[in-house]
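Engineer: Quick check, what structure comes out for this input:
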Amino acid sequence: MKIILTEKITGLGTIGDTVEVKTGYARNYLLPNNKALRWSRENVALFEAKKAELQARHENARKSAESKVDAVKNAKMYMIRQAGDTGQLYGSVSSRDIARTLKEIANVEISSAQVMLGSPIKSVGAFDTKIALHPDVIVPIKVYVARTNDEIEALVAGKVLTFGTKKVEEAETKEEVKAEATEEKSEAVAESEKTEPAEEK
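Structural biologist: Numbering: from 1, shown residues only. Below you'll find the predicted structure:
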């Protein structure tokens, strides 16, 4: 579908650009949220008449976003979650979770679409992501996910958490002992087979 952008969209274009997008994207997101107009001669004329107003609105939104940058940068994005012995979460941390946490601890309200996370977080650790407060104002943040506050503190201090190491070592030792026992038994049987015929004679 051919549309006229009425605000800057990251990766798509800026105010006044005429672009082709998928019909579903236009109908479900851009048009209902007043981010674009269907392309037509009438709408081109309408856009030109409102261009100054739209640009002023864009600039005000950018300034508003810039005023929230420090709050986002200083937000302690600590997520306590249940996880297994290997560090895998029982569930995940999504863009929606991050947006909700930012609202709770920094009073910065954003949508999950403004969290540039990519795929959900599914393990304990420290993760880099970005918050798009505005197409021109993108703030990098770090999200810490752990099972306890002590683990969070360790991650913040730059330590790497290890999981299941002791159990792995124990399992390897047991396997080695088992293998040695099997080998000794095999050697004993072989030795016995060698000596038995001699005794019969």
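
Engineer: so where's the protein shaky on pLDDT?
Structural biologist: Along the chain, the parts satisfying pLDDT under 70 run over 164-201.

Engineer: And the strands in it, which stretches?
Structural biologist: 2-5, 18-20, 36-38, 78-80, 88-93, 121-123, 125-134, 137-146 (DSSP state E).

Engineer: deepest of these, which one?
Structural biologist: Mean neighbour count (mean count of other Cβ atoms under 10 Å) peaks for strand 36-38 among these, with a mean of 20. C-beta here means a position set from N, CA and C on the backbone, and glycine is covered the same way.

Engineer: Would you confirm that Ile4 contacts Glu42?
Structural biologist: No: Ile4 is beyond contact range of Glu42, at 11.0 Å (criterion: Cβ atoms under 8 Å).

Engineer: gap between the residue nearest the centre of the chain and Ile15?
Structural biologist: Taking Cα atoms, centre = their mean, the centroid of the chain lies closest to Leu117, which sits 3.8 Å from it. Shown here: Leu117 relative to Ile15, a distance of 27 Å by Cβ to Cβ, to the nearest Å.

Engineer: quick one, phi/psi of the residue nearest to the centre of the chain?
Structural biologist: phi -90, psi -30 (degrees, to the nearest 10).

Engineer: Surely it and Asp97 touch.
Structural biologist: No: counting by Cβ under 8 Å, Leu117 sits too far from Asp97 to count as a contact (9.5 Å).
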